[in-house]
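A.B. asks: sequence unavailable; structure follows:
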């Protein structure tokens with residue numbers, strides 16, 4: 001089986017775990033990892049919107065290789081997969097067990113969390129490329145300056161430690177950053193868990209849809225690959241994936257929309273929380289609903305329609321100005 005992945009340290013670690021699980025579930029299966037350098041990896045200056053969002057930047061090239069038959073499957077971080085558009089001919093064949101979905105604060109040496117809280121972030125620069133994280137950060141630290149910050153997980157931490165400036169799409173520079181907000185699971189995958197200065201609760205910063213879940217995508221008609229991937233599929237992670245992504249689908253959320261969603265399961269019941277913010281963090285609406293874990297998409301639709309009833313469409317429409 002040929003599995004495509006990005007060349008980053010984190011992506012390779014995720015794909016190696018898929019290969020390990022497949023080898024254990026199907027002894028004798030030959031798994032080849034095919035590395036891709038996507039446009040999002042080569043261009044670490046532009047905003048992802050310029051490349052069609054995370055889907056265009058990190059997913060599209062590998063998906064095309066699956067569609068053409070050059071690959072049997074593709075590894076993606078689920079949060080990088082667009083949820084507001086059709087993916088004709090492709091299906092998520094497996095999701096690995098969910099790792100931590102939490103966001104974490106990484107600080108430059110000499111800075112403490114108390115410094116941020118005492119000053120409300122005034123005088124500090126926070127690096128992130130995620131509009132969701134930027135919006136929540138503005139709610140937690142109203143006076144902080146958020147700067148555009150790109151790179152793989154380990155690269156971002158190195159740039160923080162080195163005091164490196166971030167090149168901007170307009171040719172200018174920003175920084176250096178005093179802190180970063182990153183996925184805890186990503187830091188763990190690249191061996192940097194010790195850099196977590198603070199882990200945000202879901203009440204403080206609701207995770208991105210799919211955060212902490214590794215997905216394996218394949219062709220709808222490739223039944224042998226689907227059979228093999230089913231052997232490593234984690235059912236709990238998969239239904240959470242379905243519920244959270246249904247919210248994106250109904251809201252037609254795009255890469256510039258600060259939308260968050262996180263599902264948890266207790267017994268046979270699933271609880272889904274989702275939110276929509278404006279880019280400043282000023283406007284904020286949230287919905288929390290529970291239902292049978294066996295009907296995740298129905299729960300996702302219920303939560304999404306509740307958000308729409310509360311005014312989500314108008315907030316999302318405002319974030320589409322840059323699209324035009």
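C.D. replies: Received the coordinates, thanks. Computed from a predicted structure; not experimentally measured.
A.B. asks: separation between residue 131 and residue 3?
C.D. replies: Computed as C-beta to C-beta, to the nearest Å, the residue 131 to residue 3 distance reads 30 Å. C-beta: built from backbone N, CA, C; applies to glycine.
A.B. asks: of the two, give the one with the bigger neighbour count.
C.D. replies: A direct count of neighbours by other C-beta atoms under 10 Å for residue 131 and residue 3 places residue 3 higher, at 25 against 22.
A.B. asks: name the nearest residue to that one, ignoring sequence neighbours.
C.D. replies: Spatial nearest neighbour of residue 3, chain neighbours left out: residue 73 (4.9 Å); criterion: C-beta to C-beta, 6 or more residues apart in numbering.
A.B. asks: could you give the number of residues near that neighbour?
C.D. replies: Neighbourhood size, residue 73 [other C-beta under 10 Å]: 28.
A.B. asks: for it, list the residues it contacts.
C.D. replies: Contacts of residue 73 were listed using C-beta atoms under 8 Å, 6 or more residues apart in numbering, and they are 1, 2, 3, 4, 66, 93, 216, 217, 218, 225, 229.
A.B. asks: and with 7 Å instead?
C.D. replies: 1, 3, 66, 93, 216, 217, 218, 225, 229 (C-beta atoms under 7 Å, 6 or more residues apart in numbering).
A.B. asks: from those residues, which land in strands?
C.D. replies: Counted as lying in strands by DSSP state E, out of those, are 3, 93, 216, 217, 218.
A.B. asks: and the gap between the residue positioned nearest the centre of the chain and residue 98?
C.D. replies: Geometric centre of the chain, nearest residue: residue 79, 2.8 Å, by C-alpha atoms, centre = their mean. According to C-beta to C-beta, residue 79 and residue 98 sit 11 Å apart.
A.B. asks: kindly report the same for residue 292.
C.D. replies: In terms of C-beta to C-beta, residue 292 sits 19 Å off from residue 98.
A.B. asks: between the two, point out the one with more neighbours.
C.D. replies: More crowded of residue 292 and residue 98, by other C-beta under 10 Å: residue 98, with 23 against 12.
A.B. asks: surely the more buried one and residue 235 touch.
C.D. replies: No - the criterion here is C-beta atoms under 7 Å, and residue 98 misses it with residue 235 at 11.3 Å.
A.B. asks: show the subsequent helix or strand relative to whatever helix or strand residue 19 lives in.
C.D. replies: Here residue 19 sits within helix 9-25, counting by DSSP states H and E. Later in the chain than helix 9-25, the nearest helix or strand by DSSP H and E is strand 32-36.
A.B. asks: kindly calculate the angle that that following strand makes with helix 9-25.
C.D. replies: If you take axes from the mean of the first three to the mean of the last three C-alpha atoms, to 10 degrees, strand 32-36 sits at 160 degrees to helix 9-25.
A.B. asks: paired strands for strand 32-36, with orientation please.
C.D. replies: Strand 32-36 pairs in its sheet with strand 2-6 (parallel), by DSSP bridges.
A.B. asks: residues contacting the partner strand, please?
C.D. replies: 11-12, 15, 18-19, 31-36, 38, 41, 58, 62, 65-66, 71-75.
A.B. asks: follow-up on the earlier one: from residue 89, how far off is the residue nearest to the centre of the chain?
C.D. replies: From residue 79 to residue 89 the distance is 22 Å (C-beta to C-beta).
A.B. asks: and residue 151, by the same measure?
C.D. replies: Residue 151 is 32 Å from residue 89, where distance means C-beta to C-beta.
A.B. asks: could you do residue 119 as well?
C.D. replies: As for residue 119, its distance to residue 89 is 51 Å (criterion: C-beta to C-beta).
A.B. asks: just residue 208 next, same as before
C.D. replies: 25 Å.
A.B. asks: same check, this time on residue 200
C.D. replies: Counting by C-beta to C-beta - residue 200 and residue 89 are separated by 37 Å.
A.B. asks: looking at the two, which one has more neighbours?
C.D. replies: residue 200 (19 against 13).
A.B. asks: contact partners for that one?
C.D. replies: When contacts are counted by C-beta under 7 Å, 6+ apart, residue 200 touches 102, 103, 104.
A.B. asks: now those residues as TSV including secondary structure, distance to residue 144 and pLDDT?
C.D. replies: Listed next are those as TSV, based on DSSP: H, G, I helix; E, B strand; the rest coil; distance: C-beta to C-beta, whole Å; pLDDT from 0 to 100:
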residue	secondary structure	distance to residue 144	pLDDT
102	coil	19	97
103	strand	15	97
104	strand	16	97
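A.B. asks: show me which of these is closest to residue 195.
C.D. replies: Proximity of these to residue 195 (C-beta to C-beta) peaks at residue 104, which lies at 8.1 Å.
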